[in-house]
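Chemist: Sequence and predicted structure below; questions after.
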Amino acid sequence: DAKTTQPPSMDCAEGRAANLPCNHSTISGNEYVYWYRQIHSQGPQYIIHGLKNNETNEMASLIITEDRKSSTLILPHATLRDTAVYYCIVRVEGTGNKLVFGAGTILRVKS
Amino acid sequence: NAGVTQTPKFQVLKTGQSMTLQCAQDMNHNSMYWYRQDPGMGLRLIYYSASEGTTDKGEVPNGYNVSRLNKREFSLRLESAAPSQTSVYFCASSEVLAQDLEQYFGPGTRLTVT
């Protein structure tokens, strides 16, 4: 199973872009990268996912390197409500539709 | 749509007591999951149900049983609660579409075992 590595914490100023990195150097060719976040005391929330190409939705953008060994989640204009733990996840192959959550990155957005 | 609902929101048990955590989804999803989250840690998968009538063990199944009652409902049972099972329990659901792993989570049940 591909593992992910994320920094334990990051700070970002309100209104600025938050760039959250993730390393997944052992990712397989058909494994997707998923991003979730968890705001304090709530259930995790799906943000975005991708395979090879960059993806964008109303919440964020996902930039995946050409070799797929790393990716960056971008919150273009971070607000205080974006303060949360952000999880980068690679789909576990051969074990059904399961996600494996690591420790994630604590993002603190400050005014 | 209520999404994924869980009951109860909070529960305190004594060691050795049993209880069932309830989960229901109204999105017509095929797959459902139970996770636990200990303080300061990521989520760990306890059991999952890929489709109605099937259940499988996740990372940490010991001490738990599950029932996929129908397509909507997936319950988690603690037969003899232990302090090590003090945690926040999250239920989730997803459609099964190729690689789609977009899961929707409930608000959680906060369980304390004394």
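Modeler: Received it, and whenever you're ready, just let me know what you need. Numbering: from 1, shown residues only, chains lettered A, B, ... in the order given.

Chemist: residues in contact with the residue lying closest to residue B:49 once chain neighbours are set aside?
Modeler: Once its chain neighbours are removed from consideration, residue B:49 has its nearest residue in residue B:68; the separation is 4.3 Å (C-beta to C-beta, 6 or more residues apart in numbering or on different chains). Bear in mind the C-beta positions are built from the backbone N, C-alpha and C, glycine included. Counting by C-beta atoms under 8 Å, 6 or more residues apart in numbering or on different chains, residue B:68 makes contact with B:32, B:49, B:52-55, B:74.

Chemist: Show me the beta-bridge partners of residue B:68.
Modeler: Beta-bridge partners recorded for residue B:68 (DSSP bridges): residue B:74.

Chemist: what pLDDT does it get?
Modeler: pLDDT for residue B:68: 95.

Chemist: Residue A:17 now?
Modeler: 97.

Chemist: Over to residue A:2?
Modeler: Here the pLDDT value assigned to residue A:2 is 62.

Chemist: again with the one 10 residues further on
Modeler: Per-residue confidence for residue A:12 comes out at a pLDDT of 96.

Chemist: Kindly report the same for residue B:39.
Modeler: 84.

Chemist: what separates it from chain A, distance-wise?
Modeler: The span separating residue B:39 from chain A equals 11 Å under the rule C-beta to the nearest C-beta, to the nearest Å.

Chemist: Pull up the gap between that residue and residue B:67, please.
Modeler: As defined by C-beta to C-beta, to the nearest Å, residue B:39 lies at a distance of 28 Å from residue B:67.

Chemist: Who has more neighbours out of those two?
Modeler: In this comparison of residue B:39 against residue B:67, neighbours counted by other C-beta atoms under 10 Å in any protein chain shown, the higher total goes to residue B:67 at 14 against 7.

Chemist: burial of the closest residue to residue A:85 other than its chain neighbours, as a residue count?
Modeler: The shortest distance from residue A:85 to any non-neighbouring residue, by C-beta to C-beta, 6+ apart, is to residue A:104 (4.3 Å). One way to gauge burial is a neighbour count; for residue A:104, by other C-beta under 10 Å, it gives 27.

Chemist: for residue A:82, phi and psi?
Modeler: According to degrees, to the nearest 10, the main-chain angles of residue A:82 amount to phi -80, psi 0.

Chemist: The spatially closest residue to it that is not a sequence neighbour: which element?
Modeler: In space, not counting the residues next to it along the chain, residue A:82 is nearest to residue A:109; the distance is 5.1 Å by C-beta to C-beta, 6+ apart. In this structure, residue A:109 sits in strand A:105-110 according to DSSP states H and E.

Chemist: Now do the buried residues in that strand.
Modeler: A:105-107, A:109 (16 or more other C-beta atoms under 10 Å in any protein chain shown).

Chemist: Let me see the backbone angles for residue B:45.
Modeler: In this entry, residue B:45 is assigned phi and psi values of phi -80, psi 130 (degrees, to the nearest 10).

Chemist: Across the sheet, point out what pairs with it.
Modeler: residue B:35.

Chemist: and it, how many neighbours?
Modeler: Once other C-beta under 10 Å is used to define contacts, residue B:45 is seen to have 22 neighbours.

Chemist: swap in residue B:10?
Modeler: By other C-beta under 10 Å, neighbour count at residue B:10 equals 9.

Chemist: per-residue confidence for the closest residue to chain A within chain B?
Modeler: Closest to chain A within chain B is residue B:105: 3.1 Å, counting by C-beta to the nearest C-beta. In the predicted model, residue B:105 carries a pLDDT score of 94.
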